[in-house]
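Participant: Got a predicted structure plus its sequence, pasted below:
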Amino acid sequence: MYTPRRIEGHPTWLDPDGIKIYTISAQDRPVNQAPYLSRLTEVKKRKAVTWAATPAFAIFHDGASFRYLVLAWWGNDNELFTSVSVQTETGWIEDPARYSFCLYDLEVFWHERKYFIEFIYCARPSLESYRAKRYDNG
């Protein structure tokens, strides 16, 4: 059954390349970001993306059963690419046949779509302005 989850995103939550960080908690408490940060670095290394110049966001989602790390980035003019990692009992895995983002993550996606249109997919793109805009329902 659907019940809203705590979603937080603060302007200071950026990784070293400027990727916006959001957290979602099924337990309605602040998310410890530490377990996610090393995985985010690892996933980024596997992708042929110039992260410092790319509009992107990550969701650190403490789900009901697992931790989910969703990394999403804009490319090819107006396409949103995603990578989903799940921390299982044996470690982090990325398996698109088994795991994906969920309906709670889509709330962040919707707001990020609006920010992308407003600040990037426009007459005067501004990556700095895009990175400064956040959704937060916490």
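Facilitator: Cool, the structure landed.

Participant: What does residue 122 show for phi and psi?
Facilitator: phi -150, psi -180 (degrees, to the nearest 10).

Participant: again but with residue 15, I slipped
Facilitator: Dihedral angles (degrees, to the nearest 10) for residue 15: phi -80, psi 180.

Participant: List the contacts of it.
Facilitator: If a contact means CB atoms under 8 Å, 6 or more residues apart in numbering, then residue 15 has 21, 37, 40-41, 58 as its contacts. (Glycine included, C-beta is placed from N, CA and C.)

Participant: Relative to residue 41, how far out is it?
Facilitator: 8 Å (CB to CB, to the nearest Å).

Participant: about what we covered before: possible to save the contacts of residue 15 as TSV with secondary structure?
Facilitator: Below are the contacts of residue 15 laid out as TSV (DSSP: H, G, I helix; E, B strand; the rest coil):
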residue	secondary structure
21	strand
37	helix
40	helix
41	helix
58	strand
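
Participant: Quick check: next helix or strand after the one helix or strand residue 113 maps to?
Facilitator: Taking DSSP states H and E as the definition, residue 113 sits inside helix 103-119. Where DSSP H and E defines the elements, the next helix or strand beyond helix 103-119 is helix 127-132.
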